[in-house]
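Could you work out the structure for the sequence below:
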Amino acid sequence: MAKVTQFPTQSESRESLQEKSSLWVSRMDRGLSTSEQQELVAWINQDKKHQEMLFKIATLWDDLSVLNELSGLFPLEKKPKAKSLGFVKLAMAASLVLVSIFGGGLYLTLDPVLMNGSNSSIARVNTFKTTIGQQSSYSLPDGSSIQLNTNSQVDIVFTGKRRQLTLVKGEARFDVAKDKNRPFTVTAGEQSFTALGTIFNIQKDNNTEMELVVTEGRVLITKAHEVIDKISANIINVTESKLPGTLVVSGEKAVIEQSAQSQVQQISLDQVQRDLAWQQGMLIFDGEPLEKALIEVSRYSNTHFEIVDSQLANIKVAGYFKAGDIDGLLQSLNSNFKINYKKQTNNSIKLSTSSL
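Okay, the predicted model is just below:
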């Protein structure tokens, strides 16, 4: 079996500290094992900044159980009221610090007539997009929000009757404000994804291959040619067994390949963290072949990798590192697997076990 090696820890920048603190808060929310508790105490005692950042993220998280656990280790000045937790909060605590990691939110402005629930058919198309390596968050005036991953684009049309979005390319997280009179529909290639109020993530590789992860609520998958108004009426008025498509609920994942949908899978919190790690600015690998991992890494930069020795393609890697940190990746591959690299002038990098 090929060796699986963790990527080494990155230097302790502020962003790295935010990411680690968010991961610890997420773990505390699900419950720490004895060994994890000991590891947490050791990490906190390494630097006062660790304790300060952990309390800061926990306060943003606003969950009494997490704050109580922290107060058992260190004094806490103030405990905010507990709030209900959705599946996405259990899985992705770090989403609360996205603004500080990726920059301020951007706001979409629509005509008031489109937001007042009237029957107006007036529509305006708005486009949000990110470049390679860029990640941005947007707030919509209906209370929904969108987070775009690298090299992504979404077109938005709001009217008094519908909220219609098109994921042109890339990957996006949708946090949908409830509005029973105007279901929220995202079309991606040959599929449509409709929700009344939920949080879900869509990754579109092309028009026939994509992936849906639902972290809160439910999403109905139908063919893109279905009439939106008909879908809206069905999702409101009919029973679940008679819905015109596949219903995916919180904690489930659906994979679509060549326009054919595989069986809906129940996924664990750890799987959600891996699939949605990009929302923290991170990439997590859990034994993927190096070739597959490099394809994912390439999404976040203009760098392309060429594996000179074919046997390297199947080396399995595990661990996490910051998206876009090519130098950190290369250093890890060299120290863990003795893989040499050479940067070319055309933004490509050759990888080999021999000198280049």
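
can you tell me how far Asn149 sits from Gln263?
Here Asn149 is placed at a distance of 25 Å from Gln263 (C-beta to C-beta, to the nearest Å). Placement of C-beta: from N, CA and C, glycine included.

So between the two, which is more surrounded?
Legend: neighbour count by other C-beta atoms under 10 Å for Asn149 and Gln263, higher for Asn149 (21 against 7).

For the more buried one, which non-adjacent residue is spatially closest?
Computed as C-beta to C-beta, 6 or more residues apart in numbering, the closest residue to Asn149 that is not its neighbour in sequence is Glu171, at 3.9 Å.

got the contact list for the one you found?
The contact partners of Glu171, taken as C-beta atoms under 8 Å, 6 or more residues apart in numbering, are Leu148, Asn149, Thr150, Ser152, Asn201, Ile202, Gln203, Lys204, Trp278.

Quick check: the second one touching Leu276?
Right, Asn149. No - with contact defined as C-beta atoms under 8 Å, Asn149 does not reach Leu276; the gap is 9.8 Å.

Common neighbours of those two, please.
The contact lists of Asn149 and Leu276 share Arg173, where a contact means C-beta under 8 Å, 6+ apart.

Return the member of the contacts of Glu171 nearest to Ser250.
Proximity of these to Ser250 was ranked by C-beta to C-beta; the top entry is Asn201 with 12.2 Å.

burial count for that closest one?
Using other C-beta under 10 Å as the criterion, Asn201 is surrounded by 23 other residues.

again with Tyr341
Other residues near Tyr341 come to 18 when the count uses other C-beta under 10 Å.

just to revisit the earlier point, roughly how far apart are the residue nearest to Asn149 and Leu212?
Glu171 sits 11 Å away from Leu212, going by C-beta to C-beta.

shared neighbours, those two?
By C-beta under 8 Å, 6+ apart, the residues touching both Glu171 and Leu212 are Asn201, Ile202.

And the lowest mean pLDDT element among the helices and strands of this protein?
Across the helices and strands of the chain, mean confidence by mean pLDDT, DSSP states H and E is lowest for helix 98-102: a mean of 33.

Please, which helix or strand holds the residue nearest to Asn149?
When elements are assigned from DSSP states H and E, Glu171 belongs to strand 163-175.

the helices in this structure, which residues?
For the chain, helices defined by DSSP state H occupy the ranges 14-30, 34-46, 48-61, 64-71, 87-91, 98-102, 228-237, 269-275, 290-298, 326-337.

Which of those comes out lowest on mean pLDDT?
Among those, helix 98-102 has the lowest mean pLDDT, at a mean of 33.

Now do Ala188: how many residues are near it, please.
Other residues near Ala188 number 26, with proximity taken as other C-beta under 10 Å.

With Met53 instead?
Once other C-beta under 10 Å is used to define contacts, Met53 is seen to have 21 neighbours.

mind listing what the closest residue to it other than its chain neighbours touches?
Leaving out its chain neighbours, the residue that sits closest to Met53 by C-beta to C-beta, 6+ apart is Ser21, at 4.5 Å. Applying C-beta under 8 Å, 6+ apart to Ser21 gives the contacts His50, Met53, Leu54, Lys56, Ile57.
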